[in-house]
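**Student:** fold the following for me, if possible:
(chains A and B)
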2 protein chains.
Amino acid sequence: MPNFVSLPGFRDFYPDDLAVRDYIFRVWRDVARRYGFQEYDGPPLEPTELYIEKSGPEIVQQLYNFADKGDREVALRPEMTPTLARMVGARAGGMRKPVKWFAIPQLFRYERQQRGRLREHFQLNFDIVGDEGVGADVELLAAAIDVCRAFGLTADDFVARISDRRLLRALLVHAGVPEDRLSLVYNIVDKLEREGPDGVGERLSREAGLGPSVVSEVLAIFAHRDFDAVRNAYGSVEEIGEPIARMHQLFDDLEAMGLSRFVRFDLGIVRGLAYYTGIVFELFDVRGELRAIAGGGRYDDLMGRVSPADLPALGFGMGDVVLKELLIDRGLLPSLSPGVDDYVIGVTPDERSEVLRLVRALRDAGRSVDYSLRPLGVGKQLKAASGMGARRALILGPDEVAAGVVVARDMAAGTEERVPLTSLFPEELSLS
Amino acid sequence: MPNFVSLPGFRDFYPDDLAVRDYIFRVWRDVARRYGFQEYDGPPLEPTELYIEKSGPEIVQQLYNFADKGDREVALRPEMTPTLARMVGARAGGMRKPVKWFAIPQLFRYERQQRGRLREHFQLNFDIVGDEGVGADVELLAAAIDVCRAFGLTADDFVARISDRRLLRALLVHAGVPEDRLSLVYNIVDKLEREGPDGVGERLSREAGLGPSVVSEVLAIFAHRDFDAVRNAYGSVEEIGEPIARMHQLFDDLEAMGLSRFVRFDLGIVRGLAYYTGIVFELFDVRGELRAIAGGGRYDDLMGRVSPADLPALGFGMGDVVLKELLIDRGLLPSLSPGVDDYVIGVTPDERSEVLRLVRALRDAGRSVDYSLRPLGVGKQLKAASGMGARRALILGPDEVAAGVVVARDMAAGTEERVPLTSLFPEELSLS
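**Tutor:** Next comes the predicted model:
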């Protein structure tokens, strides 16, 4: 009597769990539909090289990768963007731009050190390919915000923090950071919230080798807590003018869309991944108790690295795990008990044919119907109906069959009425 | 400029392909809902041992299996039944029986010799656990048939061929086949359709070592082409009476459900897999051009092999690939062009705010809406609207904004009318 269990970090979705997952997917898909994004999917298994090309060889440590029986190096997908880039790239010539696509892939990461953590999750991905203008950033951000709103989350629950790699770069260069130290500085200031200005200043000096005045200039950049302050301070500097104007347009457009209350300018949002090239954003719960709800931005250089089509692109991802935690925490998960419309009951085994006939007629008419697969007493059948959340029980005994009626019991109200069988058999339904 | 491609045997689902997949999944889910089956899912990666326990060590040749970084032997799931058995087994005590579950997993097989063939597909799985009566077989068969009917397939398109392992076994033993030769004989008679009675007779003699009279008795069994003939010939034999009565009940119940025209008794349906224990069936296209559309049956011994819950069970699987071929062949795939409800057009860049405001109001009201992310002339915007199948274009120029109206163009009819903007902004929608 063996007792197999699932692999550590992998979830079983029992019907109650799957109902929640399905609810989340349905809301995701509805927002995508309203925004005119089209769903796509790729293989869960891809050549390992695709991920190395995007993220460098270090990524392999975190992959479920192996050599298949044909000696191909393959990996379970850890993210969707390389697959998107590969697919769009292969057909880019014949596609209308911008491409607006979404997907809900299951993603896999093997992180050896973090036992107890999930090794798979589902992630909503929205991407726009083929438009380098800020209008595309506006559309993507609005979609990310509306996904949260569609679950009932409000500006009291979440905020999108927005930055721009090009603006940050221009500001850092203006502050005196040498070009070859920029990546390092990004990584350090990314920790500003956690380590504070003093800790970050110390690391800028020690790890990035910046002089005291440069460190002070860099920290001054991040002391500006809203966009107007940054615009007033640097708007007239020539090489910073363009990213400032772009960010200005972004906020103006979001205001026209009525979404200002969901966004906050925050230069500290660097998004660790080196491949972002423009506006980046992360959605956080306002209480700051959870990891980021979603994150994304512009990655104009990636398409050209994994495909023949060198197109500008941007996208965001939102995982199912943090979102579900947040919805539970805010009491926003609706009740998802499945139930059935009708449970058909035969009083004696003699009514079996009539029961089966009625079951099928109701199902053909689109109703969800269950019944006892084996002979049972009426009491036990009613109990089964109640146990599975049936909304109506339809009871057929010898008298009912003879009279051509059925006893319809409203399971919630406990009321019963006799209705003609013909009223349950739509005329167009022929069972011949 | 590298050019990555997907792995051989794996499909990319571009939006047009995904629309077909989504249509198939929606129909599958709708039938499940009408039948009161609940959806579940498990991990795509499971311990390799789970599949060895069910199917024997030979299965490993066909698996995508590997050792993960924690040295666990794991495999991409080649089928769903072991996961189902594991999951139900783990919680069987607290579950209402029968358990009626369905799933739509992606399944993986690595078959080295068959290049060009798919190595993944999606498979609908319906299973019933915890009921050993023939009523459960009826319910499962009816569901399999109704899945096909839900796609518009008729009795002219497909037929369910039905057999019973216990009946076949009793008939073969009655014909004189020794118990220890039964598995071998199953495998040989499974080829009856392809190899004909002469070929099978020769193999029964040579490979199974049966004498001429036993071979003749065995072939006589399969010469009966309908159930009544078998019942007349063997119904009075004591040890065959029970499986005959069971099959009789099955056909009676299917007739009560009006499904007789979709089923055919066929003892030659053996279903190669050794784990079936009772009624088995396969759904074929009537023209016989494709592989089986679906197949399944009763497997009462499996649950006890992979879990602590030794429960009777039965199920069927239906893949997306053969089904899609059949639907295309019969002209039954509906047109699935996505389009959007509205495409909002600004005549000059000055209308940008009004365009964004209208776009969001319409999306908030549940409509699918697109617009140009960058400034474009009206002609190009109309062309984009037409190219993506928008049903209505809403055009805002300076005059319209001043007058509080919008020009609504019916894209199919080519007609236009001016409508007040307020009529497009439901009162309850506040953009503040």
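**Student:** neighbours of A:Val177, how many?
**Tutor:** Neighbours of A:Val177 under the rule other Cβ atoms under 10 Å in any protein chain shown: 22. For glycine as for every other residue, the C-beta is placed from the backbone atoms N, C-alpha and C.
**Student:** that one is in contact with A:Val218, isn't it?
**Tutor:** Yes: counting by Cβ atoms under 8 Å, A:Val218 is a contact partner of A:Val177 at 6.6 Å.
**Student:** domains of chain A?
**Tutor:** Domain assignment for chain A by automatic domain parsing gives A:15-329, A:342-424.
**Student:** could you dump those to TSV with distance to chain B and mean pLDDT?
**Tutor:** Shown next, in TSV, are the domains of chain A (distance: least, Cβ to the nearest Cβ, whole Å; pLDDT from 0 to 100):
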stretch	distance to chain B	mean pLDDT
domain A:15-329	3	93
domain A:342-424	4	96
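**Student:** ok, A:Ile188 to B:Thr348 distance?
**Tutor:** Applying Cβ to Cβ, to the nearest Å, the value for A:Ile188 to B:Thr348 is 45 Å.
**Student:** one more: A:Asp350?
**Tutor:** 78 Å.
**Student:** do A:Arg360 as well
**Tutor:** Distance from A:Arg360 to B:Thr348, by Cβ to Cβ: 61 Å.
**Student:** who has more neighbours, these two?
**Tutor:** Neighbours per residue (other Cβ under 10 Å) separate A:Arg360 from B:Thr348, with A:Arg360 holding more: 21 against 13.
**Student:** and stretch A:201-219, what's buried?
**Tutor:** The neighbour-count criterion (16 or more other Cβ atoms under 10 Å in any protein chain shown) identifies A:201, A:203-204, A:208, A:210, A:214-215, A:217-219 as the buried residues of stretch A:201-219.
**Student:** was I right to think A:Pro98 contacts A:Glu132?
**Tutor:** No: with contact defined as Cβ under 8 Å, A:Pro98 does not count as touching A:Glu132 (9.6 Å).
**Student:** tell me which of these two has more neighbours.
**Tutor:** Comparing A:Pro98 with A:Glu132 by other Cβ under 10 Å, the one with more neighbours is A:Pro98, at 25 against 18.
**Student:** which element is A:Val280 on?
**Tutor:** strand A:279-285 (DSSP states H and E).
**Student:** can I get that strand as CSV, trimmed to CA atoms?
**Tutor:** Extracted C-alpha coordinates of strand A:279-285, given in CSV (Å, rounded to 0.1, in the frame of the first residue of the first chain):
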residue,chain,number,x,y,z
ILE,A,279,9.8,52.9,-18.0
VAL,A,280,9.5,50.2,-15.3
PHE,A,281,6.9,49.7,-12.6
GLU,A,282,5.9,47.4,-9.7
LEU,A,283,2.5,47.0,-8.0
PHE,A,284,2.6,46.7,-4.3
ASP,A,285,0.0,46.2,-1.6
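**Student:** can you show me the strands along the stretch 301-432 of chain A?
**Tutor:** Ranges of strands in the stretch 301-432 of chain A, per DSSP state E, counting those that start in this stretch, are A:313-319, A:342-346, A:369-371, A:392-396, A:405-410, A:416-420.
**Student:** distance to A:Ala412 added to the buried residues of stretch A:201-219, as CSV?
**Tutor:** Listed next are the buried residues of stretch A:201-219 as CSV, based on distance: Cβ to Cβ, whole Å:
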residue, distance to A:Ala412
A:Gly201, 65
A:Arg203, 63
A:Leu204, 65
A:Ala208, 67
A:Leu210, 70
A:Val214, 71
A:Val215, 68
A:Glu217, 68
A:Val218, 65
A:Leu219, 63
